[in-house]
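K.L.:
need a structure here:
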Amino acid sequence: RGKIWKSKNSEFRYISKDLISPTTTLIYADKVLITIWEKPMFNILITSKKVADSFRSYFNHFWKIAKK
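P.N.:
Next up, the predicted model:
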């Protein structure tokens, strides 16, 4: 495991290495921002309540199975 900058306002969990990807996904309201950390780096912004809700569902699933 790498170093994690701990904060009293944050909670971290760990998932299997084979689920790691070169992307970051941010979900806020009805928006999903996917950042792809390759060269060139680029972002995809999706504005859709259905898509945001499904990404939240994925997050909640992985959060439940992740290890503390």
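
K.L.:
list the contacts for the residue nearest the centre of the chain?
P.N.:
In the chain, the C-alpha closest to the average C-alpha coordinate belongs to residue 25, at a distance of 4.1 Å (Cα atoms, centre = their mean). With contact taken as Cβ atoms under 8 Å, 6 or more residues apart in numbering, residue 25 is in contact with 32-35, 55, 59. From N, CA and C alone the C-beta is placed, and that goes for glycine too.

K.L.:
beta partners for it?
P.N.:
Applying DSSP bridges to residue 25 yields these beta-bridge partners: residue 34.

K.L.:
any idea how far it lies from residue 64?
P.N.:
Using Cβ to Cβ, to the nearest Å, residue 25 is found at 17 Å from residue 64.

K.L.:
follow-up on the earlier one: farthest-apart pair in the contacts of residue 25, please.
P.N.:
Across the contacts of residue 25, the two members that end up farthest from each other (Cβ to Cβ) are 35 and 59, 15.5 Å apart.

K.L.:
sorry, back to before: local confidence estimate at the residue nearest to the centre of the chain?
P.N.:
The predicted structure scores residue 25 at 95 on the pLDDT scale.
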